[in-house]
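Visitor: With the sequence up front, the predicted model follows.
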Amino acid sequence: MKYRVLYDTQLNGEFKNKDEEISFLKGTDEGYIQRLIREKIIQPIDVISDEPKENKKLSKAGK
């Protein structure tokens, strides 16, 4: 699965830029990945692609 970095940070000893797409090696600790998601350091790409659709629905409802 691919993830998007939400702000400039260092992961696994490498510096990553905001909005950079990353993936983890097979066997990477799932708890580590879940902690990064929970702390809003990374976000799964499929979650990000769904957000603009929801925002469009909300903006149309407000008009």
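Guide: Nice, I can see it. The structure displayed is predicted, hence computed values, not measured ones.
Visitor: Helices along the protein, start to end?
Guide: Under the criterion DSSP state H, the chain contains helices at 30-38, 45-62.
Visitor: List the buried residues for the first one?
Guide: Burial within helix 30-38, assessed by neighbour count using 16 or more other CB atoms under 10 Å, is assigned to residue 36. For the C-beta atoms, the positions are set from N, CA and C on the backbone; glycine is no exception.
Visitor: Same question for stretch 36-49.
Guide: By neighbour count on 16+ other CB under 10 Å, the buried set for stretch 36-49 is 36, 42.
Visitor: which residues touch that stretch?
Guide: Contact partners of stretch 36-49, identified using CB atoms under 8 Å, 6 or more residues apart in numbering, comprise 1-7, 9, 11, 21-22, 33.
Visitor: let's go with 7 Å and repeat that
Guide: Residues outside stretch 36-49 that contact it (CB atoms under 7 Å, 6 or more residues apart in numbering): 1-6, 9, 21.
Visitor: and these, which are buried?
Guide: Among the contacts of stretch 36-49, those buried by neighbour count (16+ other CB under 10 Å) are 3-6.
Visitor: Flag the shaky bits of the chain, pLDDT-wise.
Guide: For the chain, the stretches flagged by pLDDT under 70 are 47-63.
Visitor: Identify the residue nearest the geometric centre of this structure.
Guide: Of all residues in the chain, the one closest to the mean position by CA atoms, centre = their mean is residue 43, 1.5 Å from it.
Visitor: ok, now how distant is that residue from residue 18?
Guide: 12 Å (CB to CB, to the nearest Å).
Visitor: just residue 37 next, same as before
Guide: The gap separating residue 37 from residue 18 is 16 Å, by CB to CB.
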